[in-house]
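Engineer: have a look; sequence and predicted model below, questions after that.
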Amino acid sequence: MAEDKLRILVAKPGLDGHDRGAKVVARALRDAGFEVIYTGLHQTPEMIVSAAVDEDVDAVSLSVLSGAHMFLFPEVIKQLAEKGASDIKVFGGGIIPEEDLPKLYESGVAKIFTPGATLSEITTWVRDNIKSTKGK
């Protein structure tokens with residue numbers, strides 16, 4: 001339905017305490033017309049998946065600067081599938097080496113934004129690639 005806004009959960013997993021980028025992306029998504037739920041710092045994959053399911057989101061955006069991206073992204077995807085929510089797309093960004101991108105995409109990550117990605121690139125990608133999971 002046209003009146004339904006896409007719901008995006010923005011999460012900051014792991015022990016990294018730097019959330020400025022996540023907050024900037026969350027605000028840009030909100031300003032672009034999406035409904036945004038920001039979970040705050042130090043979220044475990046279990047907490048992120050629980051919030052995603054409880055909030056009935058269409059996508060999860062992870063911000064990872066700690067170097068744990070090769071665990072955190074696939075773990076969130078795995079746990080979403082275990083909860084019957086594999087229709088929720090996972091995307092995100094952070095300090096992620098180019099050589100890690102193919103493995104992350106193979107694990108089911110929909111999109112990774114590396115440093116230098118613009119807010120316009122992110123919001124346009126979400127608008128073009130995230131579809132509502134409602135009614136499925």
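Structural biologist: Perfect, I can see it now.
Engineer: now do the strands in the protein.
Structural biologist: 7-11, 35-38, 59-64, 89-94, 111-113 (DSSP state E).
Engineer: rebuild the ones you listed as a markdown table, extending it with mean pLDDT, distance to residue 73 and mean neighbour count.
Structural biologist: Every residue, glycine included, has its C-beta placed from N, CA and C. A markdown table is the format used below for the strands of the chain (pLDDT from 0 to 100; distance: least, Cβ to Cβ, whole Å; neighbours: other Cβ atoms under 10 Å):
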| stretch | mean pLDDT | distance to residue 73 | mean neighbour count |
| --- | --- | --- | --- |
| strand 7-11 | 97 | 11 | 26 |
| strand 35-38 | 97 | 18 | 18 |
| strand 59-64 | 96 | 6 | 26 |
| strand 89-94 | 96 | 6 | 24 |
| strand 111-113 | 98 | 8 | 21 |
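Engineer: can you give me the helices in this structure?
Structural biologist: Listed in chain order, the helices of the chain (DSSP state H) span 20-31, 45-54, 69-82, 101-106, 119-129.
Engineer: my guess is residue 131 contacts residue 88, does it?
Structural biologist: No - using Cβ atoms under 8 Å, residue 131 makes no contact with residue 88, being 11.0 Å away.
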